[in-house]
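Asker: Below: sequence and its predicted model.
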Amino acid sequence: MKIVSYNVKGLNLPVKRHSLYKDLRTYDADIVCLQETHFRRLDYPKLYTPHYRTQFHSTYRAKSRGVTILIHNRITMQTHRIITDPRGRYIILICTINGRVYTIVAAYAPNNSQTQFLTHLLNKLTDVLSGDLIVCGDLNLCMDPTKDCSVPTGIHAGRQFSKLHSLLGQHHLYDTWRLLHPTERDYTFRSGVHNSYSRIDYCLLPSNLLSRVTTCDILLFTWSDHAPLLLDLQDEFHSHVRPPWRFSEHILKHEPASLAIHEALTNYFKENASAEVNPFVIWQAHKAVIRGVCIQWGARLSHLNAKDALSASSAFPLVCGGRAERVLALGSAFGRVPADRWPLRCGLTSWMSARHPEQWPPLLGVIAPPR
């Protein structure tokens, strides 16, 4: 599961929104946490992102602050609770993604009193936390002034650093990027006014999620004064797998299969329908039962079709003397396949074109109807 945290420094201009759309296509993240959207409450432009139709916004009364969480369409998500800050500083999303419960937080800390803001946010999370916690955002504060700032800072920043570390330790949260890059110097924010760089954007994770982290990288600066932060978590669910099972309607045309399905449904509801069991549970469970019956009969019919195809192919008199006789013999054998076995005929054509390519083109003229 790929997560991107990005301070976009305002999205009210169309050119910035188009730049964001381009970056989102490049990153192909499953979850995107945006800070400083500068969306004004009840009056902000739409984010037309076709791949991220699920969107959650926390806005402010002025064109400043603002955070957003975007969820990719390929992610199976169930929303449980959404908590937004009226000041547009954070948004807390409690949801189930691919069968696992997460509390996802997008945060944007103020330029001062950062530890007080983070204390308030973490105390809030203590009351509502459910599942695995992921905190992404701009904290406007360096974790380690000696490594995360290009220009040395004063004593006050060092005190803030100590308070921040103590606070994160109390809540068992870790700076993921620093754990994976203990000696590197890299930055997520460039200040044109002070001509300096600093690392103030973070992905904070609890200890139970650290083993699932595969990468945590700072990406390149583009159109914003912040660089995106990419976090990749190994997930038990893989979205790019075979497509889901679909019911094959041709099973119902087979009388024994249709009777077996009817009998299975009748027996299921007769055995399980009772006042002690919730009707919703009975209805949901019957889908799994009948799906197993359909898969069983689908496999059985496929096996029968394969046997018929093998029998028909073994009956082909491919040893005839002349080429014309072989073609006519193949066409005659092919035509004997019953009309209700058209899937077999299609499979037979594929088999013949692969096994006897030299005889297949003239055979097409025999079995194909004239136009």
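Answerer: Arrived safely.

Asker: Run a quick neighbour tally on residue 112.
Answerer: 10 (other Cβ atoms under 10 Å). For every residue, glycine as well, the C-beta is placed using N, CA and C.

Asker: Just the buried residues of the lengthiest helix in the chain, please?
Answerer: Selection of the longest helix in the chain by residue count, based on DSSP state H, yields helix 279-314. Buried residues in helix 279-314, counted by 16 or more other Cβ atoms under 10 Å: 286, 293-294, 297-298, 301, 308-309, 312-313.

Asker: Stretch 37-44 now?
Answerer: So for stretch 37-44, counting by 16+ other Cβ under 10 Å, buried means 37-40, 44.

Asker: Which members of those occur in helices, if any?
Answerer: Per DSSP H, the buried residues of stretch 37-44 never map to helices.

Asker: want to throw those into TSV with pLDDT?
Answerer: Output for the buried residues of stretch 37-44, formatted as TSV (pLDDT from 0 to 100):
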residue	pLDDT
37	95
38	94
39	92
40	90
44	80
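
Asker: hmm, back to that, of all the buried residues of helix 279-314, which two lie farthest apart?
Answerer: Using Cβ to Cβ, the buried residues of helix 279-314 span at most 40.6 Å, a distance reached by 286 and 313.

Asker: Leaving out chain neighbours, which residue sits closest to the residue nearest the centre of the chain?
Answerer: For the chain, the residue nearest the mean C-alpha position is residue 75 (3.2 Å; Cα atoms, centre = their mean). Sequence neighbours aside, residue 30 is the residue nearest to residue 75 in space, at 5.3 Å (criterion: Cβ to Cβ, 6 or more residues apart in numbering).

Asker: Around that neighbour, how many other residues sit close by?
Answerer: 23.

Asker: mind checking how far it is from residue 118?
Answerer: Per Cβ to Cβ, to the nearest Å, residue 30 is found 25 Å from residue 118.

Asker: Looking at the residue nearest to the centre of the chain now. What's its pLDDT?
Answerer: On pLDDT, residue 75 comes in at 90.

Asker: quick check, it in a strand?
Answerer: No. Using DSSP: H, G, I helix; E, B strand; the rest coil, the assignment for residue 75 is coil, not a strand.

Asker: ok, residue 19 - contacts?
Answerer: The neighbours of residue 19, taking Cβ atoms under 8 Å, 6 or more residues apart in numbering as the test, are 222-223.

Asker: check which helix or strand covers it.
Answerer: helix 14-27 (DSSP states H and E).

Asker: Averaged pLDDT, the helix or strand immediately after that helix in the chain. What do you get?
Answerer: Remark: after helix 14-27, the chain's next helix or strand is strand 31-35, criterion DSSP H and E. Throughout strand 31-35, pLDDT has a mean value of 97.

Asker: now do stretch 253-270
Answerer: Mean predicted confidence for stretch 253-270 is 88.
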